[in-house]
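Engineer: Fold the following for me, if possible:
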Amino acid sequence: MRLLIVLVSLHALALQAQQMSSLRQEVDKLIRFETNISYEEIPGFIITILDNGQVTSLGYGTYADHAPDSLGNKRFQIGGLTKVLVSHLANLLLTEAELDQFVTTFVPSYVGTALDKITIRQLLSHTSGISKIPNNLAETQQSDGGRYAQYDREDLYLYLRDLPLTPGKYSYSHINYSLLEQVLESKTNESLAELLASEITEACQLDATQFGAPNRIEVGYGRSGRVVDPWQFASFAGSEGLTSTSLDLATYMKHCFLSEDRISSTFQKQLFKVAKVTSSKRSFVGLGWHFFEHKGHQ
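Structural biologist: Reported below is the predicted structural model:
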């Protein structure tokens, strides 16, 4: 399923109720001229704005008539945004030296594979050379629960066992973060869900952010526009498995930028360029974050 959640910081705009119309006009311009969002292809979406510590949400499409105060609390599977929190978790739990150690240092079951030469930093920055998804995914694919529901770690091992890799260049990969999940769980002997709660969500008060799909979740749509069931994950939770709300995501950003604690300081260290995104002249990747340069701003 696909959901688009955009977090925008507009420092020049006040967020009083009487200026909501003006705010929407400004956001509409951003959508039209700075994104590839298609109203025809996306049934509905929510934009949540963090401005000087204040949070406001706007609804579009199927969410256009919803009360603004309710929008931020609508819960979705957030897909690839999971990687943002998992990368933060990795930087909290691993030292700088450990980021440059090989995957097999933490997950010995991969000793003898190409992962002997792939570092944690390369997983975080999508420079491992590993493909986006495994080519044996279809062998376990089921009609319910999405494409990862039955694909477990043994299946992933069989794919990676004899895979030749040439690390160094950027190539976006869901597999990188599936492997990070294994690295973090192996290092700590705790589940990824336990680690996220103890290290990030409890401290930031992200009450709606968790792995798995709760009972109350917004309807999701596939690329064809049809309604799809929530996805389930046997081995790719670290890549795409989180459920959250736009309010929680904005609260997380607020904590990262405005607080002065270990979570915030670690987050700030992630915001530097590691490699250029090959498909774009103005895009770069850091340790879990992608950056876009526009008119001198990042």
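
Engineer: where exactly do the strands run in the stretch 101-250 of the chain?
Structural biologist: Using DSSP state E, counting those that start in this stretch, the strands of the stretch 101-250 of the chain run over 210-211, 220-221, 227-228, 242-245.

Engineer: How about the longest one, which residues are buried there?
Structural biologist: Of the residues in strand 242-245, those with enough neighbours to count as buried (16 or more other C-beta atoms under 10 Å) are 242, 243, 244, 245. No exception for glycine: its C-beta is placed from N, CA and C like everyone else's.

Engineer: Is it possible to get CSV of these that adds distance to residue 108 and pLDDT?
Structural biologist: As requested, these are arranged in CSV below (distance: C-beta to C-beta, whole Å; pLDDT from 0 to 100):
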residue, distance to residue 108, pLDDT
242, 27, 96
243, 32, 95
244, 33, 96
245, 38, 95
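
Engineer: circling back to that earlier point, can you put the strands of the stretch 101-250 of the chain in TSV and add distance to residue 80?
Structural biologist: As requested, the strands of the stretch 101-250 of the chain are exported to TSV (distance: least, C-beta to C-beta, whole Å):
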stretch	distance to residue 80
strand 210-211	15
strand 220-221	14
strand 227-228	16
strand 242-245	10
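
Engineer: Looking at those strands, which is nearest to residue 177?
Structural biologist: strand 242-245 (11.0 Å; C-beta to C-beta).

Engineer: Restrict the closest one to CA atoms and write it as CSV.
Structural biologist: Backbone C-alpha positions of strand 242-245 (Å, rounded to 0.1, in the frame of the first residue of the first chain) are rendered in CSV as follows:
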residue,chain,number,x,y,z
LEU,A,242,6.2,0.9,11.0
THR,A,243,2.7,2.3,11.6
SER,A,244,2.4,6.0,12.7
THR,A,245,0.5,9.2,12.3
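
Engineer: Show residues contacting it.
Structural biologist: With contacts defined as C-beta atoms under 8 Å, 6 or more residues apart in numbering, strand 242-245 is touched by 72-78, 81-82, 85, 206, 208-214, 217.

Engineer: which SS class is the residue nearest to residue 68 when sequence neighbours are not counted?
Structural biologist: Of all residues not flanking residue 68 in the chain, residue 57 sits nearest, at 5.9 Å (C-beta to C-beta, 6 or more residues apart in numbering). At residue 57, secondary structure determined by DSSP: H, G, I helix; E, B strand; the rest coil is strand.

Engineer: My guess is residue 57 contacts residue 71. True?
Structural biologist: Yes. The pair formed by residue 57 and residue 71 meets the contact definition of C-beta atoms under 8 Å, at 3.8 Å.

Engineer: Now for those two: what residues contact both?
Structural biologist: Common neighbours of residue 57 and residue 71, using C-beta under 8 Å, 6+ apart, are 46, 48, 246.

Engineer: just curious, which of those residues is nearest to residue 221?
Structural biologist: Nearest to residue 221 out of the shared contacts of residue 57 and residue 71 is residue 46 (C-beta to C-beta; 14.0 Å).

Engineer: Isn't that closest one up against residue 62?
Structural biologist: No. Using C-beta under 8 Å as the test, residue 46 is too far from residue 62 to be in contact (10.0 Å).

Engineer: hang on, the earlier thing: let's have the shared contacts of residue 57 and residue 71 in CSV, adding pLDDT and neighbour count.
Structural biologist: Shown next, in CSV, are those (pLDDT from 0 to 100; neighbours: other C-beta atoms under 10 Å):
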residue, pLDDT, neighbour count
46, 92, 23
48, 91, 22
246, 95, 27
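
Engineer: Those in helices, which ones?
Structural biologist: Among those, the members falling in helices (DSSP state H) are residue 246.

Engineer: ok, which stretches of the stretch 51-200 of the chain are helices?
Structural biologist: Using DSSP state H, counting those that start in this stretch, the helices of the stretch 51-200 of the chain run over 68-71, 82-93, 96-99, 103-106, 120-124, 153-160, 174-188, 192-196.
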